[in-house]
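# quick one, fold the following:
(2 chains)
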Amino acid sequence: MVPPIDYETLRLIWWALMGLLLIGFALTDGFDLGVAALLPFVAKTDAERRMVINSIGATWEGNQVWFILGGGAIFAAWPFVYAVSFSGFYLAMFLVLAALILRPVGFKYRSKRPDAAWRSRWDWALFVGGFVPALVFGVAVGNVLTGIPFRLDGDLRSFYEGSLLGLFHPFSLLAGLLSVAMLVLHGASWLAIKIERGTVHDRARRFGQIAAILSILLFAIGGLMVARGGMGFRMTGVVDPMGPSNPHLMTMIAAPGAWMSNYTLHPWMLVAPVLGFAGPLIALAGIRTGREALAFGGSSLGTLGIIATVGLSMFPFILPSSIDPASSLTVWNASSSHLTLFVMLLVTLVFLPVVLLYSAWVYKVLFGRITLKDVGTNPDFY
Amino acid sequence: MVDMAVIELSRLQFALTALYHFLFVPLTLGLSFMLVIMESIYVMTGRPIWRTVTRFWAKLFGINFVLGVATGLTMEFEFGTNWSYFSHYVGDIFGTPLAIEGLMAFFLEATFVGLMFFGWDKLSKRQHLFTTFMVALGSNLSALWILIANGWMQHPVGSRFNPDTMRMEVTDFMAVLFNPVAQAKFVHTVSAGYVTASVFVLGVSAWYLLKGKWVAVAKRSFTVAAAFGLASSLSVVVLGDESGYALTDNQKMKLASLEAMWHTEPAPAGIAIFGIPSLEGRDTRYEIKIPYVLGLISTRSLTGQVEGITELVAKAQGRIENGIQAYDAVEKLKVNRTDMVAREQFERHKLDLGYAMLLKRFVADPRNATPDQVVQAAWSTVPNVPVMFWVFRVMAGLGFFFIAFFGAAFYMASIRRFGCVNGFCRLFMRAAVWIIPLPWLAAEFGWVLAEIGRQPWAIEGVLPTFLGASSLTVGQLWTTIIGFTLLYGTLAMIEVRLMLAAIRKGPLDHENEQSDAAVAGHGYTPLPAE
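Residues are numbered from 1 along each chain as shown, chains lettered A, B, ... in the order given. Just a heads-up that it's a prediction; the model follows:
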């Protein structure tokens, strides 16, 4: 069967969809991560903490599926990216998984026993489950921007030549902190619309303001480091966007500064970094003026803008290699076959709207602020 | 060449994490549907006791469910982290069911499970039942998609090797979707989950009945579990047999090795109920056979032949020799994509390419293999026969035991003998408590049988397991194996303790319990607590 959409277009669509899934993850589970990272600081008493936990208790699980689906979709549409990135970031990935595994258990088991030490331990487990993934995801993105130390052999088997500690360098740490700031802002904005006004609400708003300012600063410094630090890669020679997915059939080189060139080539792409700055500003204004929906909208736009900036700056690169640029993975050499991309697109077009529809229904049913009183009276609460 | 320590540790980690994940999955699969049944009765009869029943089991469901979700996270990424070459080599086909699983199944169960717990007072009765049903549907659909992926590893249909991209690519999605192995495996696996949940609910209910606690909840749960368990245990054995039938066409070696059948027998072959298989001697001693049965089960005829291990090894040897030609062609195409002679050579031998790769364990370039190495590689297609033989017998034996067990339970439930004080009845109730771990044993053995039986292949006939692993170090692997073991071990301890505490605490709603006990006059007397 020959799909009715050409290979080049499908690759572009799947590049965009991969970005969409990552943004979907950051917009939904992102605030869960942010709320968990804020938990020990915005909520001091047990009742306060339960209020914060239950502001995401019923919906975090569905949100987390964006992450799982991200993994599955990258496997299906970009098998090279799935194979190279997760095996390369092996121990970092273990850290993320171990931290994320603490989350479901923390939510469910924390309030099953009354004793304070037990609950406090789980509160810190939930903090780890929010803070560590947020940090490591950012660090990983920082490393993708600078290039990952891997090479492909003749059979296209990937060999990774870095270490866990090697992942942490100034730029990637900055990216990690930006990721934490961005998601803490998003989490604080969520708390602002989801819990009753009062002490906890005030604390969340204070942390939200700090996070918004940090987001803007870190995003600006990160941008300068990308522009001045000479990061970037480029494809040379003949690029066949319809060709077989095999990096050995194309030429990629390190080209310092190339991450900025897309913005001269396609000025519309500047929308992304502009949103990256405007979003946190809007959120800041929303928080300060008590317009919580505006704050949440702002933090969402900011998250979208920051992630899109990374993707657009690197296009068409997905995973550049720092030690062997010729092994770099791009939109044109790392995808699934033409047929798989097409079938997966059909499946996505059918099921993603359904998912969005019933998720919206669930959020609607659970609409409304959680109060300290609820915590005492609702037997279904965590 | 290949560092076997890395391979063995990668296999160990996958086995540990998958077997651990599968401790929670079967109960989720089955209990979710039992909740649907219980809640449906509540919605239809409107009697509050059924709401108490549903909410009680939902609480236990929740404790179990979170660990299924938590450990499932690892599984979604483990192909990439630990089986990187596998992921590259077959991601074009294998990734699709995993992605669809996320989109179609995980979203469904995970989005609705929160509402199931938090929505009791926010939804109408029917809406809540719908929510519970979506959770059950979602978790069972996830089993469907993961077994389509696994079925393809056992029987790789609808795909071909593409020398331009050095990987397998899909040619026919419908074939992958309607793979007969996947279909049989799906029904077999979810039925096993239903049996697990039924044994669990029956066992806990029996314990309450023995103690005379929460009897109204317990006897209703007992009845639901007995009926559901009887149907499921029949289905699990019948569909297990269907898997056996499916094996004969595509996984003959698996069948021969679980039967420890070293040589082809005249049709119809007998089935061994006992024996001591030996890998060194390549024979089975002290064998006790029932004539005809294996031939009948696996070929559905009196004349069909079940091939023996030695004969299958000889076939594998031929395919290895053929595969070397395909390998040679691929190597030439790597140098020059337009080499038409090599392309033609590849087309002729491509179906056996995977067999040549078996040689990579013994020699760097399969084209330089000696005849001895070819024989060695051919014998490497035999899985661990003694393990297969015994694991199969334990699993199948338990399958038949569950049918008998639920037959008895169903009989007791239908004559409404719950408050038994003496004899067989009381013995049965105690047994019901003690056998709670058995379905887990059967399920884990089923996984071992399916996956050990596929060795030495990651993808049957396509990619040997030892080539699929990531290029990791032994140190990295030990770090994560120890890390996962500590993390999972701690969580398991916490889970079991919370589960036991929740069972001891029992259902929350005591008012209904008493009023119901007061009106229950039909042949039931509460037992004094032991």
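# just the strands in chain B please.
With DSSP state E applied, chain B shows strands at B:159-162, B:167-170, B:271-278, B:283-290, B:457-459, B:463-464, listed in chain order.
# max-length helix in chain A?
Taking DSSP state H as the criterion, chain A has its longest helix at helix A:7-42.
# tell me the gap between that helix and the middle of its chain.
The gap between where helix A:7-42 is centred and where its chain is centred comes out at 4 Å by CA atoms, centre = their mean, to the nearest Å.
# give the other helices and strands that the next helix or strand after that helix contacts.
As assigned by DSSP states H and E, the chain's next helix or strand after helix A:7-42 is helix A:46-56. Applying 3 or more CB pairs under 8 Å, 6 or more residues apart in numbering or on different chains; DSSP states H and E, one finds that helix A:46-56 contacts helix A:7-42, helix A:116-146, helix A:170-194, helix A:199-228, helix A:372-377. Bear in mind the C-beta positions are built from the backbone N, C-alpha and C, glycine included.
# just checking, what packs against the first one?
Pointing back at helix A:7-42 there. Applying 3+ CB pairs under 8 Å, 6+ apart, one finds that helix A:7-42 contacts helix A:46-56, helix A:60-77, helix A:116-146, helix A:170-194, helix A:199-228, helix A:292-314, helix A:338-365.
# what angle separates it from helix A:338-365?
Relative orientation of helix A:7-42 with respect to helix A:338-365: 30 degrees, computed using axes from the mean of the first three to the mean of the last three CA atoms, to 10 degrees.
# so who does residue 183 touch?
By default, I'm working from chain A. A:26, A:30-31, A:33-34, A:37, A:130, A:134, A:303 (CB atoms under 8 Å, 6 or more residues apart in numbering or on different chains).
# to clarify, I was referring to chain B.
residue B:151.
# would you map out the domains in chain B?
With automatic domain parsing serving as the domain definition, the record reports that chain B contains domains spanning B:4-251+B:384-452+B:454-519, B:265-299, B:309-379.
# now render the helices and strands packed on helix A:7-42 as TSV, adding distance to residue A:323 and mean pLDDT.
As requested, those are exported to TSV (distance: least, CB to CB, whole Å; pLDDT from 0 to 100):
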stretch	distance to residue A:323	mean pLDDT
helix A:46-56	41	93
helix A:60-77	22	94
helix A:116-146	12	95
helix A:170-194	16	96
helix A:199-228	20	95
helix A:292-314	18	96
helix A:338-365	29	95
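# do you know how far residue A:148 is from chain B?
Separation of residue A:148 from chain B (CB to the nearest CB, to the nearest Å): 13 Å.
# quick one, the longest helix of chain A and helix A:116-146 angle?
For helix A:7-42 against helix A:116-146, the angle by the same axes, to 10 degrees is 150 degrees.
# now do the same contact list for whichever residue of the stretch 301-450 of chain B sits closest to chain A.
Distances from the stretch 301-450 of chain B to chain A, computed as CB to the nearest CB, single out residue B:334 as the nearest residue at 6.1 Å. Residue B:334 makes contact with A:154, B:163, B:166, according to CB under 8 Å, 6+ apart.
# hmm, back to that, quick check, nearest of the contacts of residue A:183 to chain B?
Nearest to chain B among the contacts of residue A:183: residue A:33, at 13.8 Å, using CB to the nearest CB.
# residues near that closest one, how many?
Applying other CB atoms under 10 Å in any protein chain shown, we find 33 residues neighbouring residue A:33.
# equivalent analysis for the one 3 residues further on, please.
Neighbour count for residue A:36, taken as other CB under 10 Å: 31.
# these two touch, right, it and residue A:130?
Yes. In this structure, residue A:36 is within contact of residue A:130 by CB atoms under 8 Å, at 2.7 Å.
# so what sits against both of these two?
In the contact map built from CB under 8 Å, 6+ apart, the residues linked to both residue A:36 and residue A:130 are A:103, A:187.
# quick one: residue A:94 and residue B:477 touch, right?
No. Using CB under 8 Å, residue A:94 is not in contact with residue B:477; the gap is 10.5 Å.
# one step back: pick the most buried one from the domains of chain B.
Using mean count of other CB atoms under 10 Å in any protein chain shown, the stretch among these with the greatest mean number of neighbours is domain B:4-251+B:384-452+B:454-519 (a mean of 20).
# closest residue of the stretch 151-300 of chain A to chain B?
Ranked by CB to the nearest CB, the top residue of the stretch 151-300 of chain A for proximity to chain B is residue A:244, at 3.8 Å.
# go through the contacts of residue B:334 and say which is closest to residue B:496.
residue B:166 (46.5 Å; CB to CB).
# residue contacts, that closest one?
When the contact criterion is CB under 8 Å, 6+ apart, the partners of residue B:166 are A:155-156, A:246, B:89, B:330, B:334.
# most widely separated two among the residues you listed?
Across those, the two lying at the largest distance from each other (CB to CB) are B:89 and B:334, at 15.2 Å.
# what's the closest of the helices and strands packed on helix A:46-56 to residue A:330?
Of the helices and strands packed on helix A:46-56, the one closest to residue A:330 (CB to CB) turns out to be helix A:7-42, at 9.5 Å.
# the stretch 51-200 of chain B: helices as residue ranges?
Using DSSP state H, counting those that start in this stretch, the helices of the stretch 51-200 of chain B run over B:84-100, B:107-118, B:125-154, B:173-177, B:180-211.
# could I get the CA-only coordinates of the first one as CSV?
Backbone C-alpha positions of helix B:84-100 (Å, rounded to 0.1, in the frame of the first residue of the first chain) are rendered in CSV as follows:
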residue,chain,number,x,y,z
SER,B,84,18.4,-0.2,22.0
TYR,B,85,19.4,-2.3,19.0
PHE,B,86,16.1,-4.2,19.2
SER,B,87,14.3,-0.9,19.3
HIS,B,88,16.0,0.4,16.2
TYR,B,89,15.7,-3.0,14.4
VAL,B,90,12.0,-3.5,14.9
GLY,B,91,10.7,-0.1,16.2
ASP,B,92,8.9,0.4,12.9
ILE,B,93,6.5,-2.4,13.7
PHE,B,94,6.9,-3.0,17.4
GLY,B,95,6.6,0.7,18.4
THR,B,96,3.1,1.1,16.9
PRO,B,97,1.1,-1.2,19.2
LEU,B,98,2.9,0.5,22.2
ALA,B,99,1.9,3.9,21.0
ILE,B,100,-1.6,2.8,20.3
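# do it and chain A meet?
Yes. Residues of helix B:84-100 are located near chain A by CB under 8 Å from any CB of the partner chain, namely B:84-85, B:87-88, B:91-96, B:98-100.
# how much space between the residue of the stretch 301-450 of chain B closest to chain A and residue B:166?
The spacing between residue B:334 and residue B:166, counted by CB to CB, to the nearest Å, is 8 Å.
# which non-adjacent residue is nearest the residue in the stretch 51-200 of chain A that chain B sits nearest to?
Per CB to the nearest CB, the residue of the stretch 51-200 of chain A with the smallest distance to chain B is residue A:79, at 2.4 Å. Spatially, and ignoring its direct neighbours in sequence, residue A:79 is nearest to residue B:91 (2.4 Å; CB to CB, 6 or more residues apart in numbering or on different chains).
# quick one: the one you found and residue A:82 touch, right?
Yes. Using CB under 8 Å, residue B:91 is in contact with residue A:82, at 6.2 Å.
# what is in contact with those two at once?
residue A:75.
# quick check: residues of the stretch 401-530 of chain B near chain A?
B:470-472, B:476, B:479-480, B:483-484, B:487, B:491, B:494, B:498, B:501-502, B:508.
# switch the cut-off to 7 Å
By CB under 7 Å from any CB of the partner chain, the part of the stretch 401-530 of chain B that sits against chain A consists of B:470-472, B:476, B:479-480, B:483, B:487, B:491, B:494, B:498.
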